[in-house]
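1. pasted the sequence and its predicted model underneath.
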Amino acid sequence: MTAAASSYLDDRTSISAVVKEFGRKIFPDHWSFMLGEVALYSFVVILLTGSWLTFFFDPSMTEVDYEGSFVPLKGVEMSAAMASSLDISFDIRGGLLMRQMHHWAALLFIASIGLHMLRIYFTGAFRKPRELNWVIGFVLFILAMAEGFTGYSLPDDLLSGNGLRIIDGMVKGIPVIGTWISFLLFGGEFPGTVIIPRLYTLHILLLPAVIVALIALHLVFVVVHKHTQFAGPGKTNQNVVGVPILPTFAAKAGGFFFIVFGVIALMATFFTINPIWNYGPYDPSPVSAGTQPDWYIGFADGALRLIPPGLEFDFLERTYSFNILIPMAALGLFIVLAMIYPFIEYWITGDKREHHLLDRPRNAPVRTAIGAAGVTFYGVLWAAASSDLMATHFHVAVEHVIHTLQALVFLAPVIAFIVTKRICLALQKKDREIALHGFESGRIVKLPGGEFIEVHEQLDEYERWKLVSYTDYAPLMIRPNSRGKITVAQRARAGVSRWFFEDRIAPVASKDLEVSHDNTH
Amino acid sequence: MADDNGGRDVAAAPESRGAAHPVNAVARVDSGSTVSAGTAVVPRDALQNPGLPPHRPRVTDVDPKKERTAERWVYSLFYLSLAGSLFTIVAYFAFPIEENSPASTRANNLALGIGISLALMALGIAVVHWSKTLMSNHEMIDQRHVTSGSPETRARAVQIFDEANKESGLGRRAVLRNSLIGALVVFPLPAIVLFRDLYPGTAPEPVSQLSHTMWEEGMRLARDPSGTPIRAADVTLGSVFHVIPEGLEEAEHKLEEKAKAAVLLMRLRPSDLNELPERQGWSYDGIVAYSKICTHVGCPVALYEQVTHHLLCPCHQSEFDVTNHCEVIFGPAARPLPQLPISVDAEGYLIAQSDFTEPVGPSFWERASVDND
Ligand code: HEM
Ligand code: FES
């Protein structure tokens, strides 16, 4: 039966070549490699639940009187979008579940992309030949946030309308074209009657299409490059150690898909998300204190809050809104730096080899410290988005919270950098000690001479290998080029290189080990 | 090569680098090719990779009883998943949504959710358990190859481009090539122009719309959202009113008008107000009206602190001082909230003396050029 069916297929598709090529491809295993999978699977859940929602959702801003089952809003005037979202929530069986699954899946999608990205960064998986895939992944992260924001706006409730109002205000702050962009976007003055249908097209057509295409490309690259693996016994830069796609990896991944799906369903069953019925329809006038955007927008909201007063100037009859331009520029710069980081490190090390073995974060102290600084910067902005909640929660004036955060946004990343780098070096030193002298066994023995010593247990060669196998870089030495000159670029590169690599702990070599063993015996 | 860390000099040093040396498995990459290792340090006497550790069998590999238990778990979970799916279908009908009954909506959500979650989780856990306990877990090894094509492939690719270039004459026929590039550059431009009518060309200029609100001389101040007009006598000391123009309900673009015309009305002791000479007549007996739309990015400035006479914007915590014409005392907003000049009519109702004298809400590029007077 199966033989006949597969032969039928193969006669028409030559599918056997694909199975032969990919069926037994090897995938290495590590829990952190599942973060990308979580992102992929939650996106599938988003596609399924989102498509279901499109059959019931009405992306229109026509004003209607709500007549559904949610009594407190009966008779209230609202857009058809809001009314249909309420109908989905209260009058369509399974509707609330689907809406909440869609929203929880969206949150999980963005969270898992973020964590996946951190995994890639801190293990150096972005190095050659994977730099372009890092960029693709980063673009996906930004598109995911755009998808989230457009989706969040669709129900046209009070909170989402307020979010759009903020976007409108920011767009208007852009020099020269801002006013026009705002009017083109909203089809006139805010809020207008077209923004929801326009966002709808972006949300269910344009952005998903681009995301699907980029995910496909992202995965093609994963296959072309083969997955990275952590250094370990038997693992080299020229091999991949793991389980084959068929059957083990496919089974694990397939099973894991259903688990992710199931977790999202569980969350949607038991935890309310985005209760638009409590907010009511959009109205430009009321707003309640303590309202928050979805968490992934928080860093941008926080950046807006940290700007001190008075940063707006009129010059030659034009208005320059630096209170909006500065946060936008700062976030833009942050995003661009993160996006091109692989190329920066490539330039500094000049290492043109391919890297398929992952670094343990401690073995690249400065990279890890830069990452920690970046995470801290993001974290401070994110905290700033809750400045009002912190003020009420800790009973301090919001001014103090903001002033503290304004200082922290500059200081905290520096502190994080220094501390992280120190910790990495200390861990490396400890690794080196253990590789050389073994670890303290806790066993005390009495020597014939009467003195007591603690027995050091030596590592076996497999354990030791994990501690000693990493790439070590030295600072660049400046040398004249072929024409006997030292270029400015060389000087710059040498400077950064020194900053990166001046503190380093070399991996244990065999002669170190011999010396150490001679001493202990 | 500006790139390397001093080839010759360092090669003699104890810690040397470069693909030329025998190196360990970590550092040896792209065997056969000679790409630069940059500033990587490759010790000559690095430890040797000990190779894969011996495989350790699982309990299910050695104990047939454990194997059978695992098998039982897996198929039980499959059946549980099946039951969950069937339960969901039944629940869809067994827990209908009844009109005006939030409890029935909740029950429906709960029943369907539990059924679906069970079906999915049991299925997922079963398959993963199967793969972890019963499928082979022998580590297998693939060899990697450099990502780039082989030198021959690359040479052939270059050759193909060469041939294509020759056969088409793209490089040779400069006029054809340049005019092609010209046409290609210009061809997307109409697509950009086509978006111009996202804001219809027949509609009024943006700046003129942003410069005016529906307030005009004699228009009464009314309560938001009921629309009933407000008497000066109703505004007691320390109170605050959320205000819309009377007749907003009937306006053609209600939300757009409200988004510009919303106002906050407060009564302070006249002695608490530090009024500019040119605005002396804009308040009425300590009653002042200010735009509710934040000059930062446009949230409604909804919170009034009676004691300090401060208005607080909940979005980014800008604070405005009502006693000093709502100047900014904290937060990212840069401009005071615009003041609406008010007085009372013959019947004692509060009315506007005119529209705002400047654009309300967030800044925009052309704002400084607007002259409302
Ligand atoms: C990365 C992808 C996506 C993300 C992050 C995302 C996120 C969101 C969010 C946060 C909402 C608000 C839900 C609520 O609480 O009401 C939403 C609504 C919606 N989404 Fe998506 N979405 C994505 C893709 C899709 C796709 C592919 C479709 C359809 C094919 C879709 C269809 C919808 C619909 C119809 C709504 C409105 C439903 C309602 O408000 O009741 N979404 N989306
Ligand atoms: S909108 Fe008021 S502070 Fe930002």
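-> That came through, no problem. Ligands and ions are numbered 1, 2, ... in the order given.
2. from here on, just use CA atoms for contacts and neighbour counts.
-> Noted.
3. what number of residues lie near the residue of the stretch 251-373 of chain B found nearest ligand 1?
-> Nearest residue of the stretch 251-373 of chain B to ligand 1, counting by C-alpha to the nearest ligand atom: residue B:315, 20.0 Å away. For residue B:315, the neighbour count with other C-alpha atoms under 10 Å in any protein chain shown is 28.
4. quick one, phi/psi of it?
-> The phi and psi torsions at residue B:315 (degrees, to the nearest 10) take the values phi -80, psi -50.
5. quick one: contacts for the closest residue to it other than its chain neighbours?
-> Among residues not flanking residue B:315 along the chain, residue B:299 sits closest, at 6.4 Å (C-alpha to C-alpha, 6 or more residues apart in numbering or on different chains). Taking C-alpha atoms under 8 Å, 6 or more residues apart in numbering or on different chains as the contact definition, residue B:299 lies against A:162, A:165, A:166, A:284, A:287, B:293, B:313, B:314, B:315.
6. show me the subset of those that also lies near ligand 2.
-> B:313, B:315 (C-alpha under 6 Å from any ligand atom).
7. nearest to residue A:260, of the contacts of residue B:299?
-> Taking C-alpha to C-alpha as the measure, residue A:260 sits nearest to residue A:162 out of the contacts of residue B:299, at 32.0 Å.
8. doesn't residue A:320 lie inside a strand?
-> Yes. Judged by DSSP: H, G, I helix; E, B strand; the rest coil, residue A:320 forms part of a strand.
9. count of neighbours near it?
-> 23.
10. tell me the contacts of it?
-> Applying C-alpha under 8 Å, 6+ apart, the residues contacting residue A:320 are A:173, A:175, A:312, A:313, A:314, B:365.
11. sec struct for the fourth one, please.
-> Counting by three-state DSSP, the backbone at residue A:313 sits in strand.
12. need the per-residue pLDDT for it.
-> Residue A:313 is assigned 93 on the pLDDT scale.
13. dump the residue contacts of it.
-> A:319, A:320, A:321, A:322.
14. relative to the whole chain's centre, how far out is the helix or strand containing residue B:192?
-> Assessed by DSSP states H and E, residue B:192 sits inside helix B:189-193. Distance, stretch centre to chain centre, for helix B:189-193: 27 Å (C-alpha atoms, centre = their mean, to the nearest Å).
15. quick one: the residue of the stretch 251-373 of chain B closest to ligand 1 from residue B:332, how far?
-> Residue B:315 is 10 Å from residue B:332, where distance means C-alpha to C-alpha, to the nearest Å.
16. ramachandran angles for residue A:379?
-> The phi and psi values for residue A:379, taken as degrees, to the nearest 10, are phi -60, psi -40.
17. give me phi/psi at the spatially closest residue to it that is not a sequence neighbour?
-> Spatial nearest neighbour of residue A:379, chain neighbours left out: residue A:299 (7.5 Å); criterion: C-alpha to C-alpha, 6+ apart. Dihedral pair for residue A:299: phi -60, psi -30, per degrees, to the nearest 10.
18. for residue A:299, give me its contacts.
-> Going by C-alpha under 8 Å, 6+ apart, residue A:299 touches A:378, A:379, A:381, A:382, A:383, A:384, A:385.
19. tell me where chain B has helices.
-> B:7-12, B:59-62, B:64-94, B:102-133, B:151-168, B:174-186, B:189-193, B:206-211, B:254-261 (DSSP state H).
20. quick one: average confidence on the longest one?
-> Right, the one you point to is helix B:102-133. 97.
21. packing partners of that helix?
-> helix A:95-122, helix A:250-270, helix B:64-94 (3 or more C-alpha pairs under 8 Å, 6 or more residues apart in numbering or on different chains; DSSP states H and E).
22. residue in the stretch 51-200 of chain B nearest to ligand 2?
-> Per C-alpha to the nearest ligand atom, residue B:199 is where the stretch 51-200 of chain B lies closest to ligand 2, at 24.6 Å.
23. ok, that residue to residue A:185 distance?
-> Plainly put, residue B:199 is 8 Å away from residue A:185 if you go by C-alpha to C-alpha.
24. quick one on the thing from earlier: which among the contacts of residue B:299 gets closest to residue B:232?
-> Residue B:232 lies nearest to residue B:293 out of the contacts of residue B:299, by C-alpha to C-alpha, at 22.7 Å.
25. turn the helices of chain B into JSON lines, columns for mean neighbour count.
-> Converted to JSON lines, those look like this (neighbours: other C-alpha atoms under 10 Å in any protein chain shown):
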{"stretch": "helix B:7-12", "mean neighbour count": "12"}
{"stretch": "helix B:59-62", "mean neighbour count": "14"}
{"stretch": "helix B:64-94", "mean neighbour count": "17"}
{"stretch": "helix B:102-133", "mean neighbour count": "23"}
{"stretch": "helix B:151-168", "mean neighbour count": "12"}
{"stretch": "helix B:174-186", "mean neighbour count": "11"}
{"stretch": "helix B:189-193", "mean neighbour count": "9"}
{"stretch": "helix B:206-211", "mean neighbour count": "16"}
{"stretch": "helix B:254-261", "mean neighbour count": "22"}
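26. nearest to residue B:225, out of those?
-> Residue B:225 lies closest to helix B:254-261 among the helices of chain B, at 10.4 Å (C-alpha to C-alpha).
27. residue B:70 contacts residue B:130, doesn't it?
-> Yes. At 7.5 Å, residue B:70 counts as touching residue B:130 under the criterion of C-alpha atoms under 8 Å.
28. just to revisit the earlier point, which among the contacts of residue A:320 end up buried?
-> Neighbour-count burial within these applies to A:173, A:175, A:312, A:313, B:365; the criterion is 16 or more other C-alpha atoms under 10 Å in any protein chain shown.
29. if we can go back for a sec, kindly reformat the helices of chain B as JSON lines containing distance to residue A:410.
-> Below are those laid out as JSON lines (distance: least, C-alpha to C-alpha, whole Å):
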{"stretch": "helix B:7-12", "distance to residue A:410": "39"}
{"stretch": "helix B:59-62", "distance to residue A:410": "54"}
{"stretch": "helix B:64-94", "distance to residue A:410": "52"}
{"stretch": "helix B:102-133", "distance to residue A:410": "45"}
{"stretch": "helix B:151-168", "distance to residue A:410": "49"}
{"stretch": "helix B:174-186", "distance to residue A:410": "44"}
{"stretch": "helix B:189-193", "distance to residue A:410": "41"}
{"stretch": "helix B:206-211", "distance to residue A:410": "37"}
{"stretch": "helix B:254-261", "distance to residue A:410": "36"}
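30. which residue packs closest to the spatially most central residue of chain A, ignoring adjacent ones?
-> Nearest to the geometric centre of chain A sits residue A:114, at 1.6 Å (C-alpha atoms, centre = their mean). Spatial nearest neighbour of residue A:114, chain neighbours left out: residue A:141 (7.2 Å); criterion: C-alpha to C-alpha, 6+ apart.
31. and that neighbour, what is it in contact with?
-> Taking C-alpha under 8 Å, 6+ apart, we find residue A:141 in contact with A:110, A:113, A:114.
32. then residue A:373?
-> Taking C-alpha under 8 Å, 6+ apart, we find residue A:373 in contact with A:412, A:413, A:414, A:415, A:416, A:417.
33. export those to a markdown table and tack on secondary structure, neighbour count and distance to ligand 2?
-> Output for the contacts of residue A:373, formatted as a markdown table (DSSP: H, G, I helix; E, B strand; the rest coil; neighbours: other C-alpha atoms under 10 Å in any protein chain shown; distance: C-alpha to the nearest ligand atom, whole Å):
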| residue | secondary structure | neighbour count | distance to ligand 2 |
| --- | --- | --- | --- |
| A:412 | helix | 18 | 24 |
| A:413 | helix | 23 | 25 |
| A:414 | helix | 19 | 28 |
| A:415 | helix | 16 | 30 |
| A:416 | helix | 20 | 29 |
| A:417 | helix | 23 | 31 |
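34. okay, who's weakest in the contacts of residue B:299 by pLDDT?
-> Lowest in pLDDT among those is residue A:287, which has 73.
35. wait, that residue sits on residue B:300?
-> Yes. Counting by C-alpha under 8 Å, residue A:287 touches residue B:300, with 6.6 Å between them.
36. so what sits against both of those two?
-> Common neighbours of residue A:287 and residue B:300 (C-alpha under 8 Å, 6+ apart) are residue B:314.
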